[in-house]
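A.B. asks: All I have is the shape, not the residue letters:
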């Protein structure tokens, strides 16, 4: 998967917003809370994601995946080159990151984002 496709997936998730933080980091959020981040540019190759506590150690033990600088204590990983992860796994990780943050939001905010039937 190319970074542009990963960004498009992040943008397509319910309630997702994007903005640039720290001068050059493109951040994707839901309900004002970050779930993914990447370099802001067409040549970006790495992607940082929030992950479940259970997945953090297993993922960071793999080649090309490290604890995300400054965010590791909150269980964020950085995939150094997204081409090293299968498309299916990357899609799953992005969707999981979004869901992980979404479920931490208030029920009211979840309903606003998802609609009454899905919250």
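C.D. replies: Looks like it arrived, so ask away. Note that the structure is a prediction, hence the values are computed from the model and not measured.
A.B. asks: what's near enough to touch the residue nearest the centre of the chain?
C.D. replies: Nearest to the geometric centre of the chain sits residue 36, at 2.7 Å (Cα atoms, centre = their mean). If you count contacts by Cβ atoms under 8 Å, 6 or more residues apart in numbering, residue 36 has them with 10, 27-28, 47-50, 94, 97-98. Using the backbone N, CA and C atoms, a C-beta is placed for each residue, glycine as well.
A.B. asks: Just to be sure, it is in a strand?
C.D. replies: Yes: secondary structure of residue 36 (DSSP: H, G, I helix; E, B strand; the rest coil): part of a strand.
A.B. asks: buried stuff in the lengthiest helix in the chain?
C.D. replies: Ranked by residue count and defined by DSSP state H, the top helix of the chain is helix 87-102. Within helix 87-102, the residues that count as buried by 16 or more other Cβ atoms under 10 Å are 90, 93-94, 96-102.
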